[in-house]
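>>> What follows is a predicted structure for the sequence shown.
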Amino acid sequence: MPATINPTITRSLGSGLAGAVALNVLHEIARQFIPDAPRADLLGMRSIAKGFRAVGEQPPQGEELYRLAMAGDVASNALYYSLVGVNTKQPVVAGAALGLLAGIGAVTLPGPMGLGEKPTKRTPATAAMTIGWYLFGGLVAGAVYKRLKA
């Protein structure tokens, strides 16, 4: 008998992916037009390069590094935002909480992690956009979960 996939897990993962894609699309479009926009792409590229160097390897460069960063960003945010399924009665509230926490983390953690503060905290506007955009991703994940559950 074939194994079945739990519908809650499927909804959670799909919702997390929707939130992650929404967040990344917002980041990528805004950085083209807003000078103080957060640069999550730079954090992702720095993180990947740091990981490669930690294991004694030469990190990829240019477009390859950018593509790896975007894929990693979408994948990690999708898994994180998929936690909206933990609170199935209030997924939008759960998404808002997840987004807010992710945004605060994106502003406060890169410096201590050795990734630099400027990509998400260059100006007060940059920090506010960072938090707001992660909140947006969480809200999208929660709303999609709620819609898929209906």
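Yep, that arrived. Residues are numbered from 1 along each chain as shown.
>>> ok, for the residue nearest the centre of the chain, nearest residue in space, not its chain neighbours?
The chain has Asn77 as the residue nearest its centroid, 3.6 Å off, counting by CA atoms, centre = their mean. Nearest residue to Asn77 in three dimensions, chain neighbours excluded: Ala20, at 3.6 Å (CB to CB, 6 or more residues apart in numbering). C-beta: built from backbone N, CA, C; applies to glycine.
>>> Quick check: closest non-adjacent residue to Leu23.
Gly137 (3.3 Å).
>>> Can you tell me the element the one you found falls in?
helix 124-149 (DSSP states H and E).
>>> Off-centre distance for that helix?
9 Å (CA atoms, centre = their mean, to the nearest Å).
>>> Which strands or helices does it pack on?
helix 7-33, helix 62-81, helix 91-108, helix 118-121 (3 or more CB pairs under 8 Å, 6 or more residues apart in numbering; DSSP states H and E).
>>> Adding distance to Arg147 and mean pLDDT as columns, could you present those helices in CSV?
Output for the helices and strands packed on helix 124-149, formatted as CSV (distance: least, CB to CB, whole Å; pLDDT from 0 to 100):
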stretch, distance to Arg147, mean pLDDT
helix 7-33, 9, 94
helix 62-81, 15, 96
helix 91-108, 9, 97
helix 118-121, 30, 94
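>>> got TSV for those helices, with distance to Met129 too?
Below are the helices and strands packed on helix 124-149 laid out as TSV (distance: least, CB to CB, whole Å):
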stretch	distance to Met129
helix 7-33	7
helix 62-81	16
helix 91-108	9
helix 118-121	9
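>>> among those, which is nearest Ala143?
helix 91-108 (5.8 Å; CB to CB).
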